[in-house]
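>>> with the input below, show me the fold.
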Amino acid sequence: MVNATGVPAGPALRPRITVVGIGADGWDGLPERLRGVVRGAGTVLGGSRHLGLVPPVAGQRRETWPSPLRAGLPALLDSLGTAPVVALASGDPMVSGVGTTLVEVLGAGAVLIEPAVSSVALARARMGWSAESSEVVTVVGRDAHLLLRSLAPGHRVLVLSAGRSAPGVVAGLLAGAGYGESTVTVLGDLGAATESRAAATANGWLADPPSDVPALHVLALDLRGPGVSWATGLPDEAYEHDGQLTRRDLRAAALARLAPAPGGHLWDVGAGAGSVGIEWLRTHPTCRATAVETRGERAARVRRNAERLGVPTLTVVEGTAPEALAGLPAPDAVFVGGGATRPGVLDACLGALRPGGRLVVHGVTLETERVLADAYLLHGGELSRLAVESAAPLGAFTGWTPARTVTQWAWTRRR
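Numbers count the residues shown, from 1 in each chain. Have a look, this model is predicted:
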């Protein structure tokens, strides 16, 4: 029996892998018990740096990780036989480490984790920041724009990054978002004899970048910049758009009914500027979203908005519903901001939802309103008309300016 990755699964899984975390102090910092585990392994896996920290053992096989890791794991594991296998990792292997990948691929029962002190724990200790007062963001192997989701004045963020160029990239993102006066502290080689610390503002870093950035480091950010809301209903000005935008009050109403939750997946159908999918993703880092947009220039705009607002993980599909919905991962919620009158769109969205799934559809035309009224009569749910008026100059006085009234149908699949 094999799992979805092609790796053997279940009780017959062999070999069992012990993942040993190693700190920056290397072999000398390992307890004798774990040294014995490493010496007794038939095969030791790891990156070149980690393998170089371990003294040679006669007859022991040493293998570096395949690249890409997930794609190469099945063949590597199939070749290992039945002798004990040890994988080496940095610090705590479950903090943005290979331990997480191995557990996801093989299952928790096949992987034994032996952590060392994590770089996160060491960084907090050096900065004097508690776990409760700081956030951890990893950009290792990921788009650094993820950091922008965590911006808030006075917020403290530890950034797990890789490579000597990472502090400059982070400083550039901070400055571009108006957070150039934030303090960026580079904590290098934590736990090693060569441990170092350097601090500057993001603007200062960009003006005079250091030439000796350690390759292994954690960034500690003390953020200073404009206030940013973490709630749904961001100002319309936060988005680049061509007029096709779900306005903030209507967006907040839609997201309240879409009910984002950790791990949830949203389809944003007729995405326009992508605002609903973007704000769904901003509610929790494990949320996922797919934006479907017919026009190429709008799809590109959705991607730019997602990057700027800290959710570059938004998947953008260029195509027309319902055809473009075929083969997408099943949603937990669906928002239809445009195209509800197109034949098959509502049926495809309704059919894709599992029990507990939520659907919200907006319409501003009589034709769409007719479709939503029929859907309400057939399926039930909640049918509302949302009208927003804003104060604006009227000659020498002030009067109310109405926006287009939007009809909203919200529905939850019960079974």
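>>> skip ahead from the least confident helix or strand in the chain by mean pLDDT and say which helix or strand is next.
Here the helix or strand of the chain ranked lowest by mean pLDDT, DSSP states H and E is helix 69-78, holding a mean of 88. Next helix or strand after helix 69-78 toward the C-terminus (DSSP states H and E): strand 85-90.
>>> from the chain's centroid, how far away is that next one?
Distance, stretch centre to chain centre, for strand 85-90: 26 Å (CA atoms, centre = their mean, to the nearest Å).
>>> just checking, what packs against the next helix or strand after it?
Downstream of strand 85-90, the next assigned helix or strand under DSSP H and E is helix 98-106. Applying 3 or more CB pairs under 8 Å, 6 or more residues apart in numbering; DSSP states H and E, one finds that helix 98-106 contacts strand 17-22, helix 69-78, strand 85-90, strand 111-114. To be clear about C-beta, it is placed using only N, CA and C from the backbone, and glycine gets the same treatment.
>>> to residue 374, which of these lies closest?
Residue 374 sits nearest to helix 69-78 of all the helices and strands packed on helix 98-106, at 45.7 Å, using CB to CB.
>>> give me the contact list for stretch 129-146.
Residues from elsewhere that reach stretch 129-146, judged by CB atoms under 8 Å, 6 or more residues apart in numbering: 95-96, 120, 123-124, 127, 147, 150, 155-162, 166, 169-170, 173, 220, 285, 307-308, 310-313.
>>> gap between the two ends of it?
Start to finish, the residues bounding stretch 129-146 are 21 Å apart (CA to CA, to the nearest Å).
>>> same question, stretch 238-254
Counting by CA to CA, you get 18 Å between the two ends of stretch 238-254.
>>> next, the buried residues of it.
238-239, 241, 244-251, 253-254 (16 or more other CB atoms under 10 Å).
>>> now the helices and strands packed on helix 98-106 in JSON lines, with distance to residue 398?
Converted to JSON lines, those look like this (distance: least, CB to CB, whole Å):
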{"stretch": "strand 17-22", "distance to residue 398": "64"}
{"stretch": "helix 69-78", "distance to residue 398": "60"}
{"stretch": "strand 85-90", "distance to residue 398": "61"}
{"stretch": "strand 111-114", "distance to residue 398": "64"}
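>>> tell me which of the ones you listed lies nearest to residue 43.
Short answer: strand 85-90, nearest of the helices and strands packed on helix 98-106 by CB to CB, at 4.8 Å.
>>> convert that closest one to PDB, retaining C-alpha atoms only.
Written as PDB, here are the backbone C-alpha positions of strand 85-90 (Å, rounded to 0.1, in the frame of the first residue of the first chain):
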ATOM      1  CA  VAL A  85      18.200   5.500   9.300                       C
ATOM      2  CA  VAL A  86      19.000   8.800  10.800                       C
ATOM      3  CA  ALA A  87      18.200  12.200   9.300                       C
ATOM      4  CA  LEU A  88      20.100  15.300  10.500                       C
ATOM      5  CA  ALA A  89      18.400  18.700  10.800                       C
ATOM      6  CA  SER A  90      19.000  22.100  12.300                       C
END
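>>> so that strand versus strand 17-22, what angle?
Put simply, strand 85-90 runs at 30 degrees to strand 17-22, going by axes from the mean of the first three to the mean of the last three CA atoms, to 10 degrees.
>>> any chance of the helices and strands packed on helix 98-106 in TSV, plus mean neighbour count?
Output for the helices and strands packed on helix 98-106, formatted as TSV (neighbours: other CB atoms under 10 Å):
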stretch	mean neighbour count
strand 17-22	24
helix 69-78	15
strand 85-90	24
strand 111-114	19
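>>> tell me the angle the least confident helix or strand of the chain makes with strand 85-90.
Going by the same axes, to 10 degrees, helix 69-78 makes 150 degrees with strand 85-90.
>>> show me what helix 69-78 is packed against.
helix 98-106.
>>> buried residues, the helix it packs on. List them.
For helix 98-106, by 16+ other CB under 10 Å, it's 98-103, 105-106.
>>> between the residues you listed, which is nearest residue 75?
residue 105 (12.7 Å).
>>> and that closest one, how far from residue 175?
For residue 105, the distance to residue 175 equals 39 Å [CB to CB, to the nearest Å].
>>> before we move on, what about residue 83?
52 Å.
>>> turn the buried residues of stretch 238-254 into CSV, columns for secondary structure.
Output for the buried residues of stretch 238-254, formatted as CSV (DSSP: H, G, I helix; E, B strand; the rest coil):
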residue, secondary structure
238, helix
239, coil
241, coil
244, coil
245, coil
246, coil
247, coil
248, helix
249, helix
250, helix
251, helix
253, helix
254, helix
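>>> hmm, residue 383 and residue 411 touching each other?
No. If you go by CB atoms under 8 Å, residue 411 and residue 383 don't touch, sitting 9.3 Å apart.
>>> for the stretch 1-150 of the chain, which residues score under the pLDDT cut-off?
Judged by pLDDT under 70, the stretch 1-150 of the chain has its weakly predicted residues at 1-15.
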